[in-house]
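S.K.: Return a 3D structure for these sequence lines:
(one chain, ligands or ions: 1)
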Amino acid sequence: MTGDAVTSEPGSAAQRLAGRVAVVTGASSGVGRAIALRLVAEGAAVTAVGRDKTRLDALPAAAARATPAAVAGQLSPAQVDLTDDEARSALVAGLLAGPRLDILVHSAGGYASGPHAEAAIEDLDALYAANVRAPYALTQELLPALCAGGGDVVVVNSSQGVRAGANAGQFAATQHAMRAITDSLRQEVNADGIRVCGIHLGRTATPRQEAIFAKEGRPYAPELLVQPQDVAEVVAGVLSLPPGAEVTEIHLRPAKKSY
Ligand SMILES: NC(=O)c1ccc[n+]([C@@H]2O[C@H](COP(=O)([O-])OP(=O)(O)OC[C@H]3O[C@@H](n4cnc5c(N)ncnc54)[C@H](OP(=O)(O)O)[C@@H]3O)[C@@H](O)[C@H]2O)c1
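M.R.: As a prediction, the model looks like this:
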């Protein structure tokens, strides 16, 4: 995997999140992986949640390669299927047993596409479970810890959560749902010192997007897409703002249109 190196020099922009405790879902791949590595580079202690054990086990070494040990926080991989209530509860119990929780980043989720006339209903159920129910439940379960000291919830969403394209009805429905949940949550928890930010991504160079290009039968040109490290940079900036300022929604898309 290339492109993990964090550009900030020790003592400059790095360590803006020193002492903060974070959970990042979807950390075994793509956007979530880049965010987890970036938060560690900024000095946070990160629980990195995913399902693929091999990729999760490789994360601490990737974090160590990306950032000098003297300035980095910590990364603890957690192999959890977030749609499994029992497994998610065990994760939550461990997190709530810790001294504090400051940051929850949702980047886990699934994807499926197809025309309404043919798309499998089972795909709709699976997308709902992974993209809506799981992050909703995880947020609910971690809110007491976030409320205790104030904190941040970041929801990685999609441009499909703003305007749905053809063949994307099932996935787009989950992203619209998460936009609604994100907006509603913000109004509920701002008074407790919790900020809530939704980030709507256009096409981003991740394994998921590579598979989408393959399915579309088009050559994959990742350099024309948003880079996961750029998303991570944005998230680090959002989280580093003074507590009195809240970024509510961001739309990040490739500057050059390749499709
Ligand atoms: N890439 C894009 O172009 C793009 C565009 C718009 C929005 N987004 C959003 O960005 C986020 C990340 O996308 P990505 O491109 O980075 O996707 P990705 O490379 O496919 O990664 C998805 C991540 O979610 C995890 N995950 C999926 N289901 C899970 C479950 N049930 N329990 C725990 N973890 C689960 C995966 O874990 P394992 O791999 O370990 O199974 C993986 O870490 C998504 O919310 C997506 O909607 C991406």
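
S.K.: State the pLDDT value of the most centrally placed residue in the chain.
M.R.: Of all residues in the chain, the one closest to the mean position by Cα atoms, centre = their mean is Ser107, 2.5 Å from it. Confidence at Ser107, expressed as pLDDT, is 98.

S.K.: Next, the contact list for the residue in the chain that the ligand sits nearest to, please.
M.R.: Of the residues in the chain, the one nearest the ligand is Gly30, at a distance of 2.2 Å by Cβ to the nearest ligand atom. The C-beta positions use only the backbone N, C-alpha and C, and glycine is treated the same way. Listed by Cβ atoms under 8 Å, 6 or more residues apart in numbering, the contact set of Gly30 reads Ser107, Thr204, Thr206, Pro207, Arg208, Gln209, Pro228.

S.K.: hmm, stretch 91-109 touching the ligand?
M.R.: Yes. Shown here: stretch 91-109 in contact with the ligand (Cβ under 6 Å from any ligand atom) through Ser107, Ala108, Gly109.

S.K.: Low-confidence stretches in the stretch 51-200 of the chain?
M.R.: Scanning the stretch 51-200 of the chain for pLDDT under 70 picks out the ranges 69-72.

S.K.: residues from it in reach of the ligand?
M.R.: Counting by Cβ under 6 Å from any ligand atom, the residues of the stretch 51-200 of the chain close to the ligand are 51-52, 55, 80-83, 107-110, 130, 134, 156, 158.

S.K.: now the residue nearest to the centre of the chain: how far from Asn131?
M.R.: 11 Å (Cβ to Cβ, to the nearest Å).

S.K.: And Leu39, how far from Phe213?
M.R.: Relative to Phe213, and taking Cβ to Cβ, Leu39 is found at 28 Å.

S.K.: Asn157 contacts Gly202, doesn't it?
M.R.: No. With contact defined as Cβ atoms under 8 Å, Asn157 does not count as touching Gly202 (11.2 Å).

S.K.: higher neighbour count, these two?
M.R.: The neighbour count for Asn157 versus Gly202, taken as other Cβ atoms under 10 Å, is higher for Asn157 (28 against 17).

S.K.: Help me confirm that the more buried one is found in a strand?
M.R.: Yes. According to DSSP: H, G, I helix; E, B strand; the rest coil, Asn157 belongs to a strand.

S.K.: In contact with it, which residues?
M.R.: Counting by Cβ under 8 Å, 6+ apart, Asn157 makes contact with Gln175, Met178, Arg179, Thr182, Gly198, Ile199, His200, Leu201.

S.K.: go again using 10 Å as the cut-off
M.R.: Shown in contact with Asn157 (Cβ atoms under 10 Å, 6 or more residues apart in numbering): 106-107, 109, 131, 174-179, 181-182, 197-201, 249-251.

S.K.: now, which of these lie within helices?
M.R.: Thr174, Gln175, His176, Ala177, Met178, Arg179, Ile181, Thr182 (DSSP state H).

S.K.: which of those residues count as buried?
M.R.: Thr174, Gln175, His176, Ala177, Met178, Arg179, Ile181, Thr182 (16 or more other Cβ atoms under 10 Å).

S.K.: Run a quick neighbour tally on the residue nearest to the third one when sequence neighbours are not counted.
M.R.: In this case it means His176. Leaving aside its sequence neighbours, His176 sits nearest to Gly161 (Cβ to Cβ, 6 or more residues apart in numbering; 5.4 Å). Neighbours of Gly161 under the rule other Cβ under 10 Å: 24.

S.K.: surely the residue nearest to the centre of the chain meets Val154?
M.R.: Yes. Assessed by Cβ atoms under 10 Å, Ser107 is found in contact with Val154 at 8.4 Å.

S.K.: so what sits against both of the two?
M.R.: Residues touching both Ser107 and Val154 by Cβ under 10 Å, 6+ apart: Val24, Ile35, Ile199, Val235.

S.K.: Closest one to Ser89 out of these, please.
M.R.: Comparing those against Ser89 with Cβ to Cβ picks out Val24 as the nearest, at 18.7 Å.

S.K.: any idea which element that closest one lies in?
M.R.: strand 21-25 (DSSP states H and E).
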